[in-house]
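[1] From the sequence below, what's the structure:
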Amino acid sequence: MKVFLPILAEATADTTSSLSHLIRDTNQWLLYMGSALTVYLVLLWLGRTLKRRLGVPLGWFYQMFCFAMALFVPSLLPQFTVEDSADPHIRAAALLTATFVVISFVRHFIFDSRKRADSASLPKFISQVVSIVIFLVAVGIIVRFIYGQDVPGLLAGAGVVGLVLGLALQDTLGNLFSGFAIYFGGQFKADDWLLIDGHHAQIVEINWRSTRLRTIDDIYLDIPNSNITKQTVINYDYPSKLHAMLLEIGLEYDVPPAKVKQVLVDTALSCQHVLREPAPNVYLKEFGNWAITYELRFWINDHTHYKDTYSEIRTNLWYALRRHDIGIPYPIQGEYTQEFRKPAETGDSVREALKKAVFYPCLTAPQFEDILQAAKCITFGAGENIIAQGDAAGPMYILISGDADVLVEADGLTTCVARIGCGDCIGEVSVLTGDARSATVRAVTDCQAVEVSKATLAPVAASSPDFLEALSDLLAQRRLQNEGRLAEASGARSARQKDYSAGFLQKLKSFFEI
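    Numbers count the residues shown, from 1 in each chain. Sure thing, here's the model as predicted:
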């Protein structure tokens, strides 16, 4: 019995010591887990706050970061110890997950914020390359300072593998470096319009491998960056959106080039997206076998409308050339006789249209027949300006068919004040007095009209003084009607009408040089 008592006492002491160590270790790990949970919850709350207030997109990797930091931070406290074999792994996991968080902040505050600020986003591949560099730096730090490996030695050991990969990925690397050249060269950016591989296309995105473009027909092109840097590319938006476009057309030899150039310029200016400054100009490019080739140069500042502009100019040219008796010859060899075809219109409709002109009541029957023989029937296409506000005096027109809008521009605002149709007269005061056009008249549909010019009326005015006197009285009466003065006393109205009539007569004689 005396022998077993010391043994029992020693066993009791060992058990008590082991139990004490177990309780201490249990308390330590419970405290460790409590600290880890606290760190996790604090970081999780901080991440949600940043996401809600700053809009930082933190995904699943942030959860991993919170977990790694929850394991790592308590291990820094002196009362906690972690096995040496686990300690480097925890530190490496914490640093690696922290790297992903840093990459998210860099993308959000450098790349995405710039896009929101000036709408000139950096290409996606720049963000990707920066992310890769940050990640590689973090891996190098982990390998060198946590695991104690010599990074230069690792790089040397991976040289053969890098060479093999470089040869295998030379196209990919070429596209990557070409992407850098495209972006940092500054010649291309998102939304620029290019002429590339025969396509007019707008840049949608420049990424690390290729440049994505969209044509006016919503067809997407994906062109490797290296291909772009190896060919000639026209950028219509660099250095500014203002640029010239060219249109060639072959016209007959019989028409003086000066007249052709004026018609082409006037037609270009009538189109919606063509700029007045810089003004369009025309070059006589070539004397061909069957036509003289002219090159029309006009300016636009939004290449999105290039197709519509070309179509509008070509459409308006068809009408304008026919009005000016300028033919577009056919490239046919051999002898032939081509008669220019004018719009078919009966003499009765032209006759009825002339009877609605302001000067008709002042004409004798022979004078009316002379004007009828000299008047021309011409056609304006939908969208064309029949006359333009501010232009110098020109012919008058009487609509035979079609509709047109009367537009007045004031203080930079264009207002449609009326719509006119068959039988309405356009520019009748201008053709009689030489006054500038006071409004723009634009064809809504194809319009046929009778044209009466100063040259048509001049022989009548020169041979008949009574015509001018009667016309001046008629114009004065119409002016009184427009001013609403017909209700005045007879004497006052008569005196004012005489003043107006004298003024109109003087202007008519001056304009017709009589």
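
[2] any idea which helix or strand carries V358?
    Using DSSP states H and E, no element contains V358; it sits outside every helix and strand.

[3] my guess is it meets G427, correct?
    No. Using Cβ atoms under 8 Å, V358 is not in contact with G427; the gap is 10.8 Å. Quick note: C-beta positions are derived from backbone N, CA and C, even for glycine.

[4] Looking at these two, which is more packed in?
    Taking neighbours as other Cβ atoms under 10 Å, V358 and G427 compare with G427 leading, 23 against 16.

[5] what about the more buried one, distance to E409?
    In this view, G427 and E409 are 16 Å apart by Cβ to Cβ, to the nearest Å.

[6] Check D308 too.
    In terms of Cβ to Cβ, D308 sits 22 Å off from E409.

[7] how about A455, what does it touch?
    The contact partners of A455, by Cβ atoms under 8 Å, 6 or more residues apart in numbering, come to A374.

[8] That one belongs to a helix?
    Yes. If the criterion is DSSP: H, G, I helix; E, B strand; the rest coil, then A455 is within a helix.

[9] How about the secondary structure of D237?
    If you use three-state DSSP, then D237 falls in the coil class.

[10] For it, what are phi and psi?
    Main-chain torsions, D237, degrees, to the nearest 10: phi -110, psi 10.

[11] For M245, I want the exact helix or strand it lies within.
    M245 belongs to strand 243-251 when elements are defined using DSSP H and E.

[12] same deal with V139?
    With DSSP H and E as the criterion, V139 is inside helix 124-141.

[13] what packs against that helix?
    Counting contacts by 3 or more Cβ pairs under 8 Å, 6 or more residues apart in numbering; DSSP states H and E, helix 124-141 is packed against helix 87-106, helix 170-185, strand 199-206.

[14] Repeat the analysis, applying 6 Å as the threshold.
    If you count contacts as 3 or more Cβ pairs under 6 Å, 6 or more residues apart in numbering; DSSP states H and E, helix 124-141 packs onto helix 87-106.

[15] Which positions in the helix it packs on come out as buried?
    Neighbour counts over helix 87-106 (16 or more other Cβ atoms under 10 Å) mark 90-101, 103-104 as buried.

[16] Stretch 226-245 now?
    Of the residues in stretch 226-245, 226, 228-229, 233, 235-237, 243, 245 count as buried by neighbour count, 16+ other Cβ under 10 Å.

[17] Adding pLDDT, write those out as JSON lines.
    Shown next, in JSON lines, are these (pLDDT from 0 to 100):
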{"residue": "S226", "pLDDT": "76"}
{"residue": "I228", "pLDDT": "76"}
{"residue": "T229", "pLDDT": "74"}
{"residue": "V233", "pLDDT": "86"}
{"residue": "N235", "pLDDT": "90"}
{"residue": "Y236", "pLDDT": "91"}
{"residue": "D237", "pLDDT": "89"}
{"residue": "H243", "pLDDT": "93"}
{"residue": "M245", "pLDDT": "94"}
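
[18] Closest one to I328 out of those residues, please.
    The closest of those to I328 turns out to be M245 (Cβ to Cβ; 20.1 Å).

[19] what's the closest one in contact with, if anything?
    F298 (Cβ atoms under 6 Å, 6 or more residues apart in numbering).

[20] how about a cut-off of 10 Å?
    Shown in contact with M245 (Cβ atoms under 10 Å, 6 or more residues apart in numbering): 236, 268, 273-274, 280, 296-300, 303, 306, 309-310, 313.

[21] ok, L296 touching L284?
    No. Counting by Cβ atoms under 10 Å, L296 does not reach L284; the two are 11.1 Å apart.

[22] Now do the shared contacts for these two.
    K261.

[23] what touches both of V358 and G427?
    The contact lists of V358 and G427 share M396, where a contact means Cβ under 10 Å, 6+ apart.

[24] Rounded mean pLDDT for the host helix or strand of D405, please.
    Here D405, judged by DSSP H and E, is contained in strand 404-410. Per-residue pLDDT over strand 404-410 has a mean of 91.

[25] just stretch 363-380 next, same as before
    The predicted model assigns stretch 363-380 a mean pLDDT of 86.

[26] Counting only helices, which of the contacts of M245 make the cut?
    Judged by DSSP state H, helices contain the following of the contacts of M245: 268, 306, 309-310, 313.

[27] Any of those residues buried? List them.
    268, 306, 309, 313.

[28] In those residues, find the pair that's most separated.
    A268 and Y306 (13.7 Å).

[29] would you say V417 is within a strand?
    Yes. Checked against three-state DSSP, V417 lies within a strand.

[30] re earlier: tell me which of the buried ones among the ones in helices among the contacts of M245 is nearest to I387?
    A268 (16.8 Å).

[31] Could you double-check that that closest one sits in contact with V274?
    Yes. Between A268 and V274 there is a contact under Cβ under 10 Å: 5.1 Å.

[32] any shared contact partners between these two?
    245, 280, 296, 298-299, 309, 312-313.

[33] Tabulate the residues you listed (TSV), appending distance to I142.
    Putting the shared contacts of A268 and V274 into TSV (distance: Cβ to Cβ, whole Å) gives the following:
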residue	distance to I142
M245	58
P280	66
L296	66
F298	62
W299	59
T309	59
E312	64
I313	65
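
[34] Okay then, goodbye and thanks.
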